[in-house]
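J.: Based on what follows, work out the 3D shape:
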Amino acid sequence: MASTIQSALKAQKKSLRKALGGTLNALPSSSIEEQSQAITARVLSLPAFRRCNSVSCYLSMPTGEVRTPALVDAILQSGKTLYVPKIQSKDGTMDFFRVYSADDLASFPSGTWGIREPSDTWEGQRRSSALASSVDALDVILLPGVAFDRTLSRLGHGKGYYDRFISSYTSSGRPKPLLVGLGLREQLLESGEVPIGDHDWKLDVMITPDEVLEDIGRVAT
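T.: Residues are numbered from 1 along each chain as shown. Presented below is the predicted three-dimensional model:
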């Protein structure tokens, strides 16, 4: 019975990814850029973001999602500690590594899916990981996705990288970071339209160009 439910859920997710993929691939670059600018402004004015000391932000793919170069630059200029994701090809997991400066960021080579990824070292020293016991807690994670809905459900690309990282991070005894999804208006669906399973983490905040959706019980004003 459980395997049947899991198979149905997997099929629903695959179908939704395919449907949204066509929509996102057809979006003009100018629309994505305009929406990304509006989303960046909303993130930077979010009270929880303004209060935080450390934040992880994804480095965006060339197409099909909210662009983050301006947001990443603003985080670095703000003096907050910035982490970015890197997929560990050996075991298919994802870790978050610190970005030390704009020059550091500019040196990143292109990795999986055309996304720039940090090297293992910076200026001869091993790069800090958000999972290291010696670093302060991660306050906010800014997440991409294929689709989102108004109940703060998120559909990723199907690899489970973020869900596994968050589970690993919290199982070590650290407090859960605030999970903030960034989505184009075409990616936000109505309540219940994004299928989720037991291992899928819900967002705390969802930001589009037009609005901010919050789980009031989780987000301090």
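J.: ranges for the strands of this structure?
T.: Counting by DSSP state E, residue ranges of the strands within the chain are 54-57, 81-88, 93-99, 121-122, 125-126, 140-143, 147-149, 154-155, 178-182, 188-189, 205-207, 212-214.
J.: Remind me what the first one packs against, helices and strands.
T.: For strand 54-57, the elements it packs on are helix 69-78, strand 81-88, strand 140-143, judged by 3 or more CB pairs under 8 Å, 6 or more residues apart in numbering; DSSP states H and E. Where you see a C-beta, it was placed from the backbone N, CA and C, and this is true even at glycine.
J.: Put together CSV for the strands of the chain, with mean neighbour count, distance to residue 22 and mean pLDDT on each row.
T.: Shown next, in CSV, are these (neighbours: other CB atoms under 10 Å; distance: least, CB to CB, whole Å; pLDDT from 0 to 100):
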stretch, mean neighbour count, distance to residue 22, mean pLDDT
strand 54-57, 24, 27, 98
strand 81-88, 21, 25, 92
strand 93-99, 20, 26, 92
strand 121-122, 14, 39, 90
strand 125-126, 9, 42, 90
strand 140-143, 25, 22, 98
strand 147-149, 24, 12, 96
strand 154-155, 23, 15, 95
strand 178-182, 25, 21, 98
strand 188-189, 20, 15, 96
strand 205-207, 26, 22, 98
strand 212-214, 17, 25, 96
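J.: Between those, which one is closest to residue 109.
T.: Of all these, strand 81-88 sits nearest to residue 109, with 11.1 Å by CB to CB.
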